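In: Please work out how this folds:
(chains A, B, C and D)
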Protein chains: 2
Amino acid sequence: MYDLEKNTLLSVFDPLSFSEKELQTIQSCLEKISLKKGSMILTSNEVVYEQYYVQTGCLRTFYLDKSGKEHTLQFAINDWWISDYTAFFNTQKSILNIEAIQDATLFKLTRADQEKLYQEIPKIETFFRKKMEKAFSSFQKRILENLSLTAKEQYLSFIFKYPNIEQNVKNYHIASYLGITTESLSRIRKELSSS
Amino acid sequence: MYDLEKNTLLSVFDPLSFSEKELQTIQSCLEKISLKKGSMILTSNEVVYEQYYVQTGCLRTFYLDKSGKEHTLQFAINDWWISDYTAFFNTQKSILNIEAIQDATLFKLTRADQEKLYQEIPKIETFFRKKMEKAFSSFQKRILENLSLTAKEQYLSFIFKYPNIEQNVKNYHIASYLGITTESLSRIRKELSSS
DNA sequence: CGTCTATTTGAATGTACTCAAAAGCGGTGG
DNA sequence: CCACCGCTTTTGAGTACATTCAAATAGACG
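Out: Model (predicted):
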């Protein structure tokens, strides 16, 4: 295995270290995917068998409501995992869509291959459990901020959390994440710039 | 072990079945707790070493913001687990408070004992992983509803999800869960009753 | 019955929304 | 290099909805 490729695989499960044999197992489970900006890797109402590790680029998950509005649940940049996990956990149909909002390179991991990794490399199960705990915590924080902060404060919290997001996402994406209109976000930004 | 007590322990890890020896291990890890309505089992800024299984009664977790407002994150009734999981996972200080809003009986399980159970009865780790996945999914749903539904629709979704909640929680608790004032909730309920 | 708590109602205010239009920005082709 | 086009953001005016504060009712309980 070329070192370059090996380093890439290692970065997927970053704090862990592996034997040569384990790396081969991992390699057999990960499929590299390149995406063009604007393309979708998941649309609602598909059964979800896979999750994705984002190596480069930027993606988002969003929910399309009955009135046709998009609501961004999450952005994912380098070193994040992304899927419709609610559907993934139960091998159900997705309610979310996943879109590349920048050209991106990903690694795909199917549920079946994940189980295989759990069997062969148990520490990977712990790795994913911790990822899940982090994701859970960030959802909890999001709910609490939603309940306790004004739109302006939520925007500030957002750009603090994702300091380099500006290059990747449009303001209307941020608005759809915050649950406000682009117009409202524009006015909030105006206020902030003049103070 | 009396059958009654045994059945109680079994209900904590419901779909699983255990040997006599495993039941003893479980028993040694669970501590039964009785709570009076109004009492707190966690206040913010404490290190969180435990989670609780709710056998009877009703509890809620809430966040107290700088302005002194309470924001309810969750209610927990029979067969739910409750804690400040964000703090629990990392053995950090809580930002949440947990209050009994009805007389309640709980089982306490510490992080250390949970690890012990994982070692001795591996299927319990899977059990908790699935609980976590469910909790994650319900947070995701909450965020999406927050983004896509009106206050009235969120209220309807809430009473649909917790059909028997009325006996347990005050309307001002529901309002603090929905992120609206008691007055607004009152007006929403009035509209609904007249239509 | 009286007291305490919870809910409802009213009026004024504020914040975000919709709809429509203008301005800004980036890339392409003449 | 500039003009044009499509996309994004900003601005404006009017409206809708939730908020605040204050007061009135309704319920629960001794």
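In: Okay, buried residues for stretch A:130-146 please.
Out: Neighbour counts over stretch A:130-146 (16 or more other C-beta atoms under 10 Å in any protein chain shown) mark A:M132, A:E133, A:A135, A:F136, A:S137, A:F139, A:Q140, A:R142, A:I143, A:L144, A:E145, A:N146 as buried. Yep, even glycine has a C-beta here, placed from its N, CA and C like the rest.
In: any idea how far the nearest residue in space to the first one that is not next to it in sequence is from B:L109?
Out: Nearest in space to A:M132, with sequence neighbours left out and distances taken as C-beta to C-beta, 6 or more residues apart in numbering or on different chains, is B:M132 at 6.1 Å. Between B:M132 and B:L109 the computed distance is 14 Å (C-beta to C-beta, to the nearest Å).
In: any idea which element A:R187 lies in?
Out: If you go by DSSP states H and E, A:R187 is part of helix A:182-193.
In: and whichever residue of chain A sits closest to DNA strand C, how many neighbours does it have?
Out: Nearest residue of chain A to DNA strand C, counting by C-beta to the nearest atom of the strand: A:S184, 2.9 Å away. By other C-beta atoms under 10 Å in any protein chain shown, the residues close to A:S184 number 15.
In: does it really touch A:A151, like I thought?
Out: Yes - at 6.6 Å, A:S184 counts as touching A:A151 under the criterion of C-beta atoms under 8 Å.
In: just to revisit the earlier point, ok, the buried residues of stretch A:130-146 vs B:Q119, which is closest?
Out: Set against B:Q119, the nearest of those by C-beta to C-beta is A:E133 (18.9 Å).
In: residues from chain A in reach of DNA strand D?
Out: Within chain A, the positions lying close to DNA strand D (C-beta under 7 Å from any atom of the strand) are A:K170, A:N171, A:Y172, A:T182, A:E183, A:L185, A:S186, A:R187, A:R189, A:K190.
In: how near is the second one to A:F62?
Out: So that's A:N171. A:N171 is 15 Å from A:F62, by C-beta to C-beta.
In: Over to the fourth one?
Out: Using C-beta to C-beta, we find A:T182 at a distance of 15 Å from A:F62.
In: re the thing from before, pull out the buried members of the residues of chain A next to DNA strand D.
Out: A:L185.
In: Identify the residue nearest A:L156 in space, chain neighbours excluded?
Out: For A:L156, the closest residue by C-beta to C-beta, 6+ apart turns out to be A:L192, at 7.6 Å.
In: What of A:L96?
Out: A:D84 (4.0 Å).
In: what's the neighbour count on the one you found?
Out: Close neighbours of A:D84, defined as other C-beta under 10 Å, add up to 24.
In: is it true that it touches A:I41?
Out: No - look at A:D84 against A:I41 with C-beta under 8 Å: they stay out of range, at 10.6 Å.
In: so who does the residue nearest to A:D14 when sequence neighbours are not counted touch?
Out: Of all residues not flanking A:D14 in the chain, A:D79 sits nearest, at 7.2 Å (C-beta to C-beta, 6+ apart). Contacts for A:D79 (C-beta atoms under 8 Å, 6 or more residues apart in numbering or on different chains) come out as A:S11, A:D14, A:Y53, A:V54.
In: Please apply the same query to A:M132.
Out: B:R129, B:M132, B:E133, B:F136.
In: try A:L109
Out: A:C29, A:L30, A:E31, A:E50, A:Q51, A:Y52, A:Y53, A:L117.
In: Narrow those residues to those that are buried.
Out: Here, 16+ other C-beta under 10 Å leaves A:C29, A:L30, A:E50, A:Q51, A:Y52, A:Y53, A:L117 buried among the contacts of A:L109.
In: Let me know the closest of these to A:E125.
Out: Nearest to A:E125 among the buried ones among the contacts of A:L109, with distances taken as C-beta to C-beta, is A:L117, at 8.0 Å.
In: Looks like A:L10 contacts A:Q27 (just checking).
Out: No - counting by C-beta under 8 Å, A:L10 does not reach A:Q27; the two are 10.8 Å apart.
In: follow-up on the earlier one: tabulate the residues of chain A next to DNA strand D (a markdown table), appending pLDDT.
Out: Below are the residues of chain A next to DNA strand D laid out as a markdown table (pLDDT from 0 to 100):
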| residue | pLDDT |
| --- | --- |
| A:K170 | 95 |
| A:N171 | 96 |
| A:Y172 | 97 |
| A:T182 | 97 |
| A:E183 | 97 |
| A:L185 | 98 |
| A:S186 | 97 |
| A:R187 | 97 |
| A:R189 | 96 |
| A:K190 | 95 |
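In: which other residues reach the helix or strand bottoming out on mean pLDDT in chain A?
Out: Ranked by mean pLDDT, DSSP states H and E, the weakest helix or strand in chain A is helix A:3-12, scoring a mean of 77. Outside helix A:3-12, the residues that touch it by C-beta under 8 Å, 6+ apart are A:S17, A:F18, A:L23, A:I26, A:Q27, A:L30, A:Y53, A:Q55, A:D79, A:F107.
In: Tell me the one among those nearest to A:F160.
Out: A:D79 (18.6 Å).
In: Now do the phi/psi pair for that closest one.
Out: phi 80, psi 10 (degrees, to the nearest 10).
In: go on, A:T150?
Out: phi -70, psi 170.
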